[in-house]
Structure formats: C-alpha cells, structure tokens
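# kindly generate the corresponding structure for this input.
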Amino acid sequence: MPRAAAVPLAVTLVLSLWGPARAAGNELCSSAVVGHGRSSHVEGSEDWKAYKGNVPDSLARSRAIKAWSAAVKSDCPKSSSLWMRAKERTVACEGTPGHTDCTATATPARSVMSYVTK
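Okay, here's the model as predicted:
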C-alpha cells in the first residue's frame, strides 16, 4: 500500500475507535466515584518540606476530594464535579506510621449545564 493511502486509513481507524469512546463518556454517572489522597508526615518528605514539619491532618482528605473531582471531570462530563453537590458523600481516612491515606466516595450530581445541552 502506498504511504499516502495509509495516512487517511489510519485517521479513519482512529476516528472510528475514538467516536464510541467519546459518546460513552457523555453519560451521567449514576454510581459512586472514588478518589484517593495521601499525605506524608515523614521527615524529609515533600509534604514535610512544604509545610515545614507541620503537615495538616486534613491534607490527605483534601487531596482525596480533589482526586474525586478530577475523576468526575474526566469520566462523567455531564455530572457536576463539585463535592458539595454530590450525593452520599463519605471520606474515610486511615493513619499509618508516617502517612495518612483517605478515600473520598460519592455519587456526582447532574451538572446544571446538562439540563441545557442534551
């Protein structure tokens, strides 16, 4: 096959595979989305340096919520990524020596703009 003919074929293949994936991403998320966050209290870690040794307890919690919001933005474009609008919100944190791990779980609410654009 000549090189010039291979380029349009490759573009057609990519677009045909990209279309269904993009269409699937336009749906609302009706189930819970999860985000994970971690903070480190170990001397010398990035968190330790950034906070000059006073790493706040809420750092892992806020990182988990930010990760949840990012997951909603990427996976559920017609859903609101605002944590305060989500349903059934829970944040579970567990402390281990030197680290705090948190998991934020919630079902995103429908985006206001999703009512306007269908």
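
# contacts, neighbours, all on C-alpha from now
Fine.

# A strand includes Gly95, no?
Yes. Counting by DSSP: H, G, I helix; E, B strand; the rest coil, Gly95 is part of a strand.

# any idea what it is bridged to?
Thr100 (DSSP bridges).

# on the pLDDT front, check it for me.
Gly95 carries a pLDDT value of 91.

# could you look up the SS state of the residue positioned nearest the centre of the chain?
The chain has Ala71 as the residue nearest its centroid, 1.8 Å off, counting by CA atoms, centre = their mean. Taken by three-state DSSP, the conformation at Ala71 corresponds to helix.

# excluding chain neighbours, give the residue nearest to Val42 in space.
In this structure, Val42 finds its nearest non-sequential neighbour in Gly98, 5.0 Å apart by CA to CA, 6 or more residues apart in numbering.

# so that neighbour touches Ser40, yeah?
Yes. Counting by CA atoms under 8 Å, Gly98 touches Ser40, with 5.7 Å between them.
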